[in-house]
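Colleague: sequence and predicted structure below; questions after.
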Amino acid sequence: MKKIVVHVREDGHEKIEAVLEGLHYTVSLVQDVYQITIYTPDENLDELIEKLQSVLDLRYNENMIEVSKPEFVISSLLKRAEKKVEEKEEKTPVEKLVDQVKGYSELDLEKLALTSIAGLVALSGLLLDNQTIIIGAMLLSPIMGPIYGFSVYAALGNIQNATRCLGVLAALLLGVFILSAIASFLINLIIPLTMTEEIATRLVLNPIYSLMAVFLGFAAALAFSKGTTEVIAGVAIAAAIIPPTVVSGLVLVLQPMSLITSGVLVAGQIVGLIAGALVAVVLMKIEPRAPQDKAAARRYRIGSIVTTVILFTLLLWITALMWM
């Protein structure tokens, strides 16, 4: 159940009430601004927001739409409304999705710190041949955010922020790679390092890994859009990227001839995750509300999908050749 409060100037409240015909709502007048309060099942929220935006002139500062979730509402009318939409699929409003990802196009110290710590913990697990430590490191990594942010911005045709998300992802992974290489070099000066089984398994190319990444990207993006926290939705994503990236830095010190193999594995995982996330946002029908923006967004979305498919196919082919 959602609570929607529409603030509208006196010259526009009749249009709002016309859109709400057949729904139960209350109207109050506060200092020449009408406040119209509507309660609606979650499944109707996206459709109702679209109708309200079509008649509400947001160029005026007084006009706004406020959406919140009350702890509970007791109403026989709302109970009947919920029964009517039990079979209707809930769609997350695009405004909420944009609000979720708005911080993922910016690189900050917190993201760098969490990803770096996750990389060092994963490095410890790899050197100790301890899978539990490796998995535990994934709880710290915010890698899912930029991937999900890119897929949402790509669907909306926001080229600038989509590119920034890729830049943040590249910076985080590059930081993990450099830090793991430096740490491995310093540790190796004191304690000679050897290739453990956990390291060796991440130097074996297999096309199944890339295909698995597609499913992980799809599942994580879908879960993220439904409000699942990043820590939970991103663990699988981090597990697919962080350890192979750490291994790339480690083999740069211990076994440089394996760097190409490790790099191909990391690239395949990244492109696979992005491909899965793009599939998720397409199936969720994420697009701008404004008709004039939909065509441009569709072109950019198709371009992103085609580019990702080409890269994924190429990496899958290279992986298959090196695996055979």
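Modeller: Looks like it came in fine.

Colleague: pull the helix or strand with minimum mean pLDDT from this structure.
Modeller: Lowest by mean pLDDT, DSSP states H and E among the helices and strands of the chain is helix 76-84, with a mean of 65.

Colleague: and the next helix or strand past it?
Modeller: helix 94-101 (DSSP states H and E).

Colleague: from the contact counts, what lies against that following helix?
Modeller: When contacts are defined as 3 or more Cβ pairs under 8 Å, 6 or more residues apart in numbering; DSSP states H and E, helix 94-101 packs onto helix 144-156, helix 207-225. Backbone N, C-alpha and C define where each C-beta goes, glycine included.

Colleague: so which bits of the longest one are buried?
Modeller: Put plainly, it is helix 207-225. 209-214, 216-225 (16 or more other Cβ atoms under 10 Å).

Colleague: which stretches in the stretch 51-200 of the chain count as strands?
Modeller: 64-68 (DSSP state E, counting those that start in this stretch).

Colleague: next, count neighbours for residue 32.
Modeller: 8 (other Cβ atoms under 10 Å).

Colleague: for the residue lying closest to it once chain neighbours are set aside, give me its contacts.
Modeller: Excluding its sequence neighbours, the residue lying closest to residue 32 (Cβ to Cβ, 6 or more residues apart in numbering) is residue 10, at 5.9 Å. Residue 10 makes contacts with 32-34, as judged by Cβ atoms under 8 Å, 6 or more residues apart in numbering.

Colleague: ok, those vs residue 102, which is closest?
Modeller: Minimum distance to residue 102 across the contacts of residue 10 is 27.1 Å, recorded for residue 33 (Cβ to Cβ).

Colleague: pretty sure the closest one contacts residue 7?
Modeller: Yes: Residue 33 lies in contact with residue 7 (Cβ atoms under 8 Å); the separation is 5.6 Å.

Colleague: shared neighbours of those two, anything?
Modeller: With Cβ under 8 Å, 6+ apart as the test, residue 33 and residue 7 both reach residue 62.
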